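Enquirer: Everything below, folded, please.
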Amino acid sequence: MLFRDLVERHDIAHPKAVIDLAHWLMDNIGSLYSINNLSGYLKSLGHKVPKSAVADYLEWFEDAFILFTVRIFDASLARVNTNPKKIYCVDHALVTSISSGILVNSGHLLENLVFTAFRRLTPDIYYYKTRMGREVDFITGRTGQSHMLVQVCESMADPHTRKRETTALAEAMSELQQAQGIIVTRNEEEQIPVFSGKIDVVPAWRFLLNHSA
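Expert: Prediction:
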């Protein structure tokens, strides 16, 4: 797939670098990245690939509908371009078959599954960072539109995890004047009142059914 859709199509001079980059991205699904750290990783493997080429590879991954970049939600284009981005795969099964399994865990896989559901509905998918620096996994819709705020958490059983996820979501809801947020879990379901509105905790199967194309 990489050779047909990227290497041959774009006459890439460093095909091994593309393969190594794809494996790194698959191993880090749902994680933040920057062009600098990707370039540094390839350099550590002995690839002499300029940053501009790495940026091209990422764009070509997206053109080929393999890997997708999610940017921060911000009205400033400069901040959107300079902040780290997140990576997701359009084919959930591809992640499990290609990744090494060392870094990818079931929480990352669940997050990627939620991304694929959103991607079938809209290309306007971002992540959000509150003024206090807390991260919300997904926000859909452009600036000025109505939004959906979604956290992904495999389990809310741990009190520290519960507090972290609900606090970030409640802050984002308050800042964006949204009365509802969603936390997608493996199989938990409840409703949590917060100062900015309510948070619906839903199992992944229900969320996917409600947001299928």
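Enquirer: List the neighbours of the strand or helix carrying residue 81 that are in contact with it.
Expert: In the assignment (DSSP states H and E), residue 81 maps to helix 77-82. Helix 77-82 is contacted by residues 71-72, 74 when judged by Cβ atoms under 8 Å, 6 or more residues apart in numbering. C-betas here are computed from N, CA, C, even on glycine.
Enquirer: Give me the below-cutoff pLDDT ranges for this structure.
Expert: For the chain, the stretches with pLDDT under 70 are 1-5, 8-10, 99-105, 142-145, 213.
Enquirer: What ranges does it have for its strands?
Expert: Using DSSP state E, the strands found in the chain span residues 32-33, 67-72, 85-89, 125-129, 135-140, 148-152, 180-185, 190-194, 197-203.
Enquirer: got JSON lines for the ones you listed, with distance to residue 42 and mean neighbour count too?
Expert: What follows is the strands of the chain, written out as JSON lines (distance: least, Cβ to Cβ, whole Å; neighbours: other Cβ atoms under 10 Å):
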{"stretch": "strand 32-33", "distance to residue 42": "12", "mean neighbour count": "16"}
{"stretch": "strand 67-72", "distance to residue 42": "15", "mean neighbour count": "19"}
{"stretch": "strand 85-89", "distance to residue 42": "15", "mean neighbour count": "23"}
{"stretch": "strand 125-129", "distance to residue 42": "24", "mean neighbour count": "21"}
{"stretch": "strand 135-140", "distance to residue 42": "26", "mean neighbour count": "21"}
{"stretch": "strand 148-152", "distance to residue 42": "29", "mean neighbour count": "24"}
{"stretch": "strand 180-185", "distance to residue 42": "33", "mean neighbour count": "23"}
{"stretch": "strand 190-194", "distance to residue 42": "43", "mean neighbour count": "13"}
{"stretch": "strand 197-203", "distance to residue 42": "39", "mean neighbour count": "17"}
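Enquirer: OK, contacts around residue 84?
Expert: Neighbouring residues of residue 84 by Cβ under 8 Å, 6+ apart: 32-34, 72.
Enquirer: let's see it at 7 Å
Expert: Residues in contact with residue 84 (Cβ atoms under 7 Å, 6 or more residues apart in numbering) are 32-34.
Enquirer: Was I right to think residue 180 contacts residue 193?
Expert: No: applying Cβ atoms under 7 Å, one finds residue 180 not in contact with residue 193, separated by 11.2 Å.
Enquirer: Count residues in the vicinity of residue 171, would you?
Expert: Other residues within reach of residue 171 by the criterion other Cβ atoms under 10 Å amount to 22.
Enquirer: what does residue 59 give?
Expert: Neighbours around residue 59, by other Cβ under 10 Å: 12.
Enquirer: Against residue 53, how distant is it?
Expert: 11 Å (Cβ to Cβ, to the nearest Å).
Enquirer: What of residue 165?
Expert: 37 Å.
Enquirer: Looking at the two, which is more packed in?
Expert: Neighbours were counted for residue 165 and for residue 53 using other Cβ under 10 Å; residue 165 has more, 24 against 19.
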